[in-house]
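Below is the structure, and that's it, no one-letter string:
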């Protein structure tokens with residue numbers, strides 16, 4: 001009984017999800033927005049990575065007539081190929097060479113600029129809050145009030161074992 005109910009709910013949810021996906025796609029298409037196509041991740045894809053020397057598929061799938069003749073020439077002896085032809089064959093299979101993959105980029109400048117921008121913005125927010133949001137500091141934070149509080153604590157002999165009173169010489173009236 002429980003399995004039948006679960007199967008029925010799964011079917012309803014699947015139908016509802018498919019209707020929601022199709023209706024949202026139709027709605028977006030009707031509003032002039034492009035609907036992006038999904039990528040089939042089960043098919044081989046090309047990628048340049050230094051840790052994976054051979055990608056799943058070649059860089060160029062669709063070959064021109066010149067590329068096809070070069071591929072036919074590749075099947076023969078490589079001593080008859082010129083340097084330019086060897087480079088063109090390499091570029092058919094791979095987009096970048098290892099030195100090109102390992103070449104440093106200036107992306108760190110963008111990241112550092114973003115960090116400094118957000119730090120500056122945060123500083124402005126904190127400054128604005130100190131001026132307009134937080135109330136003014138109480139008078140007990142002023143130097144005179146703090147001196148009076150300290151004198152009162154010493155007169156009351158607060159924490160005489162390890163605190164203020166332990167570090168105050170009551171006979172001489174000064175700090176030990």
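That came through, no problem. In this text, all values refer to a predicted model and were calculated from it rather than measured experimentally.

host element of the most centrally placed residue in the chain?
The residue lying closest to the centre of the chain (CA atoms, centre = their mean) is residue 111, at 10.0 Å. Element membership for residue 111, per DSSP states H and E: helix 107-132.

Please point out which parts of the very next helix or strand once past that helix sit buried.
Proceeding N to C from helix 107-132, the next assigned helix or strand is helix 143-155, under DSSP H and E. Buried residues in helix 143-155, defined by neighbour count with 16 or more other CB atoms under 10 Å: residue 154. Every C-beta, even on glycine, is put in place using the N, C-alpha and C of the backbone.

And the protein, split by domain according to the record?
Domain assignment of the chain by the TED database yields the ranges 48-103, 104-134, 139-171.

Give me the mean pLDDT for the shortest one.
Right, the one you point to is domain 104-134. On average, the pLDDT along domain 104-134 is 96.

Same check on stretch 75-95?
Taken as a whole, stretch 75-95 has a mean pLDDT of 93.

can you pull the buried residues of it?
Of the residues in stretch 75-95, those buried by neighbour count under the rule 16+ other CB under 10 Å are 81, 89, 92, 94.

tell me how far the helix holding residue 111 is from the chain's mean position?
Taking CA atoms, centre = their mean, to the nearest Å, the mean C-alpha location of helix 107-132 is offset from the chain mean by 17 Å.

coming back round to it: tell me which of the domains of the chain lies nearest to residue 35.
Closest approach to residue 35 among the domains of the chain (CB to CB): domain 48-103, 24.0 Å.

What distance separates the opening and closing residues of the closest one?
From its first residue to its last, domain 48-103 covers 13 Å (CA to CA, to the nearest Å).

Might you calculate how far that domain sits from the centre of the chain?
Centroid separation for domain 48-103 versus its chain: 33 Å, with CA atoms, centre = their mean.

got it, and stretch 102-109?
16 Å.

List the contacts of it.
Applying CB atoms under 8 Å, 6 or more residues apart in numbering, the contact partners of stretch 102-109 are residue 50.

neighbours around the closest residue to residue 95 other than its chain neighbours, how many?
Excluding its sequence neighbours, the residue lying closest to residue 95 (CB to CB, 6 or more residues apart in numbering) is residue 59, at 4.7 Å. Burial of residue 59 is recorded as 15 neighbouring residues (other CB atoms under 10 Å).

Also residue 51?
Residue 51: 5 neighbours (other CB under 10 Å).

From residue 100, how far off is it?
Per CB to CB, to the nearest Å, residue 51 is found 15 Å from residue 100.
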